[in-house]
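> here's my sequence, what's the structure:
(2 chains)
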Amino acid sequence: MLAFLLTLGLMLLIVIAVVYAERKVAAFMQDRMGPTEAGPHGIMQPLLDVLKLLQKEDIIPTAADKKLFSIAPILVFVAVFAGFAVIPLAPAVVASGIGIGVFYMLAIISLDVVGLLMAGWGSNNKYAMLGAMRSVAQIVSYEIPAGLAILAVVMVCQSLDFQEISFQQGALMNQFPGLEYEMNWLFGIEALGINTTTIGGITTWNIFRVPLLFVAFIIYFIASLAECNRAPFDIPEAESELVAGFHVEYSGFRFAVFFLAEYAMMVLVCLVAVVLFLGSWNTPLPNIGPFSLAYWTSGTVGELSGILWGAFWLISKTLILLFVQLWARWTYPRLRVDQLMHLCWKVLTPIALAVVLGAGIWRLLMVG
Amino acid sequence: MLFYIFAALAILSGGYMVLTRNLLYAGFSLLVTLLSIAGIYVLLFADFIAVTQLMVYVGGVLVLILFGIMLSSRVHNQSVLSESVNKGWGVLISLLTLCGLGYTILKANFAGLSWLQNADTEILGAQKSTVQSIGIKLMTDFVLPFEIASLLLLIALMGAAYIATDNQKV
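Numbering: from 1, shown residues only, chains lettered A, B, ... in the order given. Purely as a prediction, here's the structure:
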């Protein structure tokens, strides 16, 4: 119960920060000021937006399918929020440390698609229907390269547990039960003879430990943009053609829930990218000679210092990735449907398959 | 207790799925059925099966079904409804199946099974999930069925690609 409330609170906090950042970053990139009135530099703006949304009238169109219309936002939000359960926040802090966390996360996210279809159908509106169809086609397609990229990580790490994958990517590795005698080598290859187990920092992050995974990271990041309907893959919500896609008929609190689910999804995919590729809650600073920077900036596992450092690194890296998402939105124009499918099936999927094969070979080099 | 909640949910939604005439509602109640069955799997320590069920059936099959219904619906500006046909035969066959299954279940002496008596609730032991043992089994004892299944899937994939290609070019 405590984990539930903490996760919910943290997620809301990050989402509000991202909503504010979205407006400010967009404004600065377009040489505008963004919100300035509410509070210093307009930082109260997202809170006031939420208040405004909650006060609005809750409208259900008469021609809508009322049951589906009201269940859809709940289902979408529940699916996204359930994904947060397996994300480790710090060493020893994870809501649900199940052994098949990665697999569970992939599966529970696909529930989101059903909610989108429900919303599109229940609204009984052509724009909503088209938006839902496009959205689902896009999410289902891009799950494949994203899944393959994650598979490459799982093959290298030999684990489906987010917490175990996190521990492998840092100087604290030997403190995880089951990994006491594991060693990290430079680029994962023992033959090079450089032991990085106690060096930690960036040298043990997955994208550094196995440089091939950097390709997987890029693929995952592109696919994750598509999965949360972000620009340049925002054809399901294309404001200029479809008004707003599947949530066009929603107002007030129900719209707020959709909005929240969408931003929560952004945060979730960035968290997953950080945990799997960018060293999770591990510090980027390595131990160099007498300067054990990695230990100084990691704290002690299970104590308050460890939790604070872990959460600090994890959330900072996530915010950087979220900034890249916003940056991409204001940099690239929207793709056409055929370009979208071309990118997914003819570019990302073949590369992802090659990366999976390469990751298998790399794993063999790591062992022998 | 949890088991009975999931079981009741599965049965209720399954019944609704069969009885409703609106195909789309049937699809959504199938979602509830699949989710509650996944819950039962988790209670039986079969975490991998539960998540696979979610992945394959909810993420794949169910979405395809819903997609199909939505694409083919509203032809005559009304929701798709399913007609009930073959009522007599359907009832007969399901009753016969029920009798057969009930008879077998009553005849089977569950309490006397030796592996059931020796079973331990601490199935997982030191392991955190069943994935490792499933993987090892798949690559040793059950490698032939596994490979045959993959071959079958490959054939299905090729068939689908062939059907989907534009025949005019051939």
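> not counting residues beside it along the chain, what's closest to A:F277?
The shortest distance from A:F277 to any non-neighbouring residue, by Cβ to Cβ, 6 or more residues apart in numbering or on different chains, is to A:F217 (4.2 Å). (Glycine included, C-beta is placed from N, CA and C.)
> listing request: residues of the stretch 251-368 of chain A with sub-threshold pLDDT.
For the stretch 251-368 of chain A, residues meeting the criterion pLDDT under 70 lie at A:368.
> which single residue in it comes nearest to chain B?
Residue of the stretch 251-368 of chain A nearest chain B, by Cβ to the nearest Cβ: A:W345 (11.4 Å).
> that residue reaches A:Y142, doesn't it?
No - A:W345 is beyond contact range of A:Y142, at 10.0 Å (criterion: Cβ atoms under 8 Å).
> after the helix or strand of chain B with the lowest mean pLDDT, next one along is what?
Each helix and strand of chain B was given a mean pLDDT (mean pLDDT, DSSP states H and E); the minimum falls on helix B:114-117 at a mean of 68. Per DSSP states H and E, the first helix or strand lying C-terminal to helix B:114-117 is helix B:131-139.
> and that next one, what's buried?
Going by neighbour count (16 or more other Cβ atoms under 10 Å in any protein chain shown), the buried part of helix B:131-139 is B:V131.
> do the helix or strand following that helix and chain A meet at all?
The helix or strand immediately downstream of helix B:131-139 is helix B:143-164, counting by DSSP H and E. No - Helix B:143-164 stays clear of chain A (Cβ under 8 Å from any Cβ of the partner chain), getting no nearer than 11.4 Å.
> tell me the mean pLDDT over helix B:143-164?
Averaged over helix B:143-164, pLDDT sits at 91.
> relative orientation of it and helix B:131-139 in degrees?
On the basis of axes from the mean of the first three to the mean of the last three Cα atoms, to 10 degrees, helix B:143-164 is oriented at 80 degrees to helix B:131-139.
> returning to that earlier point: residues contacting the residue nearest to A:F277?
By Cβ atoms under 8 Å, 6 or more residues apart in numbering or on different chains, the contact set of A:F217 is A:A149, A:N206, A:I207, A:A273, A:F277, A:L278.
> how about it, phi and psi?
Main-chain torsions, A:F217, degrees, to the nearest 10: phi -60, psi -40.
> can you tell me how far it is from chain B?
Distance from A:F217 to chain B, counting by Cβ to the nearest Cβ, to the nearest Å: 22 Å.
> measure that residue to A:S159 for me?
18 Å (Cβ to Cβ, to the nearest Å).
> related to what we said a few turns ago, looking at the contacts of A:F217, which are in strands?
Among the contacts of A:F217, no member falls in strands (criterion: DSSP state E).
> can I get these in JSON lines with neighbour count and distance to B:I134?
Output for the contacts of A:F217, formatted as JSON lines (neighbours: other Cβ atoms under 10 Å in any protein chain shown; distance: Cβ to Cβ, whole Å):
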{"residue": "A:A149", "neighbour count": "29", "distance to B:I134": "23"}
{"residue": "A:N206", "neighbour count": "26", "distance to B:I134": "25"}
{"residue": "A:I207", "neighbour count": "20", "distance to B:I134": "29"}
{"residue": "A:A273", "neighbour count": "21", "distance to B:I134": "27"}
{"residue": "A:F277", "neighbour count": "28", "distance to B:I134": "26"}
{"residue": "A:L278", "neighbour count": "23", "distance to B:I134": "30"}
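> does A:W313 touch A:V275 like I think?
No - counting by Cβ under 8 Å, no contact exists between A:W313 and A:V275, whose distance comes to 11.2 Å.
> residues contacting whichever residue of the stretch 151-300 of chain A sits closest to chain B?
When scored by Cβ to the nearest Cβ, the stretch 151-300 of chain A has A:L160 as its residue closest to chain B, at 6.0 Å. Shown in contact with A:L160 (Cβ under 8 Å, 6+ apart): A:G99, A:I100, A:G101, A:V102, A:F103, A:V154, B:S129, B:V131.
> most neighbours among these, please name it.
Using other Cβ atoms under 10 Å in any protein chain shown as the neighbour test, the contacts of A:L160 are led by A:G101, with 27 neighbours.
> could you measure from it over to A:P145?
From A:G101 to A:P145 the distance is 20 Å (Cβ to Cβ).
> repeat for A:S110
To A:P145, A:S110 is 15 Å away according to Cβ to Cβ.
> likewise for A:L335?
A:L335 is 15 Å from A:P145, where distance means Cβ to Cβ.
> between those two, who's got more neighbours?
Taking neighbours as other Cβ under 10 Å, A:L335 and A:P145 compare with A:P145 leading, 27 against 18.
> setting aside sequence neighbours, what's the nearest residue to that one?
A:P145's closest residue in space is A:L348 (Cβ to Cβ, 6+ apart), at 3.9 Å.
> repeat that for A:F28.
A:F28's closest residue in space is A:G34 (Cβ to Cβ, 6+ apart), at 7.0 Å.
> you'd agree the one you found is up against A:E22?
No - checked against Cβ under 8 Å, the pair A:G34 and A:E22 is beyond contact range at 9.5 Å.
> coming back round to it: neighbour-wise, which of A:W313 and A:V275 wins?
A:V275 (28 against 23).
> mind listing the strands for chain A?
Under DSSP E, chain A gives strands at A:88-90, A:93-94, A:287-288, A:291-292.
> packing partners for the longest one?
Contact analysis of strand A:88-90 by 3 or more Cβ pairs under 8 Å, 6 or more residues apart in numbering or on different chains; DSSP states H and E lists helix A:162-168, helix A:304-329 as its packing neighbours.
> tell me which residues are up against that strand.
A:10, A:94, A:97, A:162-163, A:166, A:275, A:280-281, A:306-311, A:314.
> same deal with the second one?
For strand A:93-94, the external contacting residues (Cβ under 8 Å, 6+ apart) are A:V86, A:I87, A:P88, A:F162, A:Q163, A:I307, A:G310, A:A311.
> list the contacts for the closest residue in space to B:L2 that isn't next to it in sequence?
Leaving aside its chain neighbours, B:L2 sits nearest to B:L43 (6.1 Å; criterion: Cβ to Cβ, 6+ apart). Neighbour list for B:L43: B:L2, B:F3, B:F6 [criterion: Cβ under 8 Å, 6+ apart].
> one more pass at 10 Å, please.
B:L2, B:F3, B:F6, B:A7, B:A50 (Cβ atoms under 10 Å, 6 or more residues apart in numbering or on different chains).
> and the gap between the last one and A:K317?
Looking back up the chat, that one is B:A50. Distance from B:A50 to A:K317, by Cβ to Cβ: 31 Å.
> how about the residues of the stretch 151-300 of chain A near chain B?
Residues of the stretch 151-300 of chain A found near chain B (Cβ under 10 Å from any Cβ of the partner chain) are A:Q158, A:S159, A:L160, A:D161, A:Q163, A:E164, A:P177, A:G178.
> let me see the backbone angles for the first one.
Backbone torsions of A:Q158, given as degrees, to the nearest 10, read phi 60, psi 40.
> again, but for the second one
With angles defined as degrees, to the nearest 10, A:S159 shows backbone torsions of phi -150, psi 150.
> so it sits against A:Q168, correct?
Yes - with contact defined as Cβ atoms under 10 Å, A:S159 reaches A:Q168; the gap is 7.5 Å.
> quick check: neighbours shared by these two?
A:F176, A:L179.
> mean confidence for stretch B:16-27?
Mean predicted confidence for stretch B:16-27 is 81.
> and that stretch, end to end?
10 Å (Cα to Cα, to the nearest Å).
> is that stretch up against chain A anywhere?
Yes - applying Cβ under 10 Å from any Cβ, one finds stretch B:16-27 in contact with chain A at B:N22, B:L24, B:Y25, B:G27.
> and those residues, which are buried?
Buried among the residues of stretch B:16-27 next to chain A by 16+ other Cβ under 10 Å: B:L24, B:Y25, B:G27.
> ok, the second one touching A:D65?
To tie it back to what came earlier, the one meant is B:Y25. Yes - using Cβ under 10 Å, B:Y25 is in contact with A:D65, at 9.1 Å.
> could you flag which of the contacts of B:L43 are buried?
For the contacts of B:L43, a burial check counting by 16+ other Cβ under 10 Å picks out B:F6, B:A50.
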